[in-house]
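**Q** give me coordinates for this.
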Amino acid sequence: MYTVTLWEFAALAAASILVGFSKTAVSGANTVSLAIFAAVLPARESTGVLLPLLIVGDLLAVRTYRRHAHWGTLLRLFPAVAVGVVVGTVFMLWAGDAEVRTSIGAILLLMAGVTVWRRRAAARAAAPEVPAADGAGARLKAGSYGVLGGFTTMVANAGGPVMSLYLLSAGFRKLGFLGTSAWFFLIVNVAKVPFSVSLGLIDGRSLLLDAPLALFVLPGAYIGKACVDRINQRLFERLVIAATVLGGLQLLLR
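**A** Numbering: from 1, shown residues only. So this is what the prediction gives:
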């Protein structure tokens, strides 16, 4: 088992609570958990410890928001995400901690900036519950976000902010956003397990550390579910973007 001090375990437990909260309330907040795990554990190995905890959170999120998923969006994203996961796996064969942190931090900040610019330029009076009808532009956007999401989720479990920014830019409201992202990440994270095992990121040591930490994901998900109805749409979007920027800066400046 990984050797951690009491204070380090407390930090990991707090990050695990935030994993649950991010899955049922503010998805982008998960980047803070990523940064905490990478600070306490070796950055590369921390992704293998975090992945099973994310799957626990995904199961809780699907149980809560399973009826609100937009499957057309999911089916449009999955092929591009698969390409991104393969590229991320190849990248992980040679990348060290510094390369992982720099690459993901830069991508998160770039995507946050693009999303803010797009939303200001569009200035929509009202956002629909699901995205508009498919077209060449929608397919191109889904493909670019999908590849980036697959790459970042494979390299550092950081696909949440990229997909959050895509869903916000597509015009999803809270419930559609949470339901679609819940199913998306449950499917993608489970599919990542064989890749992570083959890279040596998930093993007996990581699972032993995951066992007690998984218990902390549950109250986090409950708190998120209780809070989400009290967060208005504008605040919800700002929290997602702010958490994305915070996570990107922490990865770049660490």
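
**Q** show me where the stretch 101-250 of the chain has its helices.
**A** 136-156, 159-169, 174-198, 204-228, 233-253 (DSSP state H, counting those that start in this stretch).

**Q** from the ones you listed, which stretch is densest packed?
**A** Mean neighbour count, computed with mean count of other C-beta atoms under 10 Å, is highest for helix 159-169 among these, reaching a mean of 27. Backbone N, C-alpha and C define where each C-beta goes, glycine included.

**Q** for the nearest residue to residue 27 once chain neighbours are set aside, give its distance to residue 10.
**A** Across the structure, with C-beta to C-beta, 6 or more residues apart in numbering as the measure, the residue nearest residue 27 apart from its sequence neighbours is residue 164 (4.5 Å). Applying C-beta to C-beta, to the nearest Å, one obtains 27 Å for the distance of residue 164 from residue 10.

**Q** residue 55 and residue 99, how far apart?
**A** Look at residue 55 and residue 99: by C-beta to C-beta, they are 25 Å apart.

**Q** these two: who's more crowded?
**A** More neighbours surround residue 55 than the other of residue 55 and residue 99, with 19 against 15 (other C-beta atoms under 10 Å).

**Q** any idea which element the more buried one lies in?
**A** Element membership for residue 55 (DSSP states H and E) is helix 43-65.

**Q** hey, C-alpha coordinates of the helix or strand just after that helix in CSV?
**A** On the C-terminal side of helix 43-65, the closest following helix or strand by DSSP H and E is helix 71-94. C-alpha atoms of helix 71-94 as CSV (Å, rounded to 0.1, in the frame of the first residue of the first chain):
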residue,chain,number,x,y,z
TRP,A,71,-28.0,10.0,-26.0
GLY,A,72,-27.6,11.7,-29.3
THR,A,73,-24.8,13.8,-27.9
LEU,A,74,-23.2,10.8,-26.3
LEU,A,75,-23.2,8.7,-29.5
ARG,A,76,-21.7,11.7,-31.4
LEU,A,77,-18.9,12.0,-28.9
PHE,A,78,-17.8,8.4,-28.3
PRO,A,79,-15.9,7.8,-31.6
ALA,A,80,-13.7,10.9,-31.1
VAL,A,81,-13.2,10.1,-27.4
ALA,A,82,-12.0,6.6,-28.3
VAL,A,83,-9.3,8.2,-30.5
GLY,A,84,-8.3,10.5,-27.7
VAL,A,85,-8.0,7.7,-25.2
VAL,A,86,-5.7,5.8,-27.6
VAL,A,87,-3.5,8.9,-28.2
GLY,A,88,-3.4,9.5,-24.4
THR,A,89,-2.3,5.9,-23.8
VAL,A,90,0.6,6.3,-26.2
PHE,A,91,1.5,9.6,-24.6
MET,A,92,1.6,7.9,-21.2
LEU,A,93,4.1,5.3,-22.4
TRP,A,94,6.8,7.9,-22.4
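
**Q** quick one: helix 71-94 to helix 43-65, angle?
**A** Taking axes from the mean of the first three to the mean of the last three C-alpha atoms, to 10 degrees, one finds that helix 71-94 is oriented at 170 degrees with respect to helix 43-65.

**Q** kind regards, and thank you for your time.
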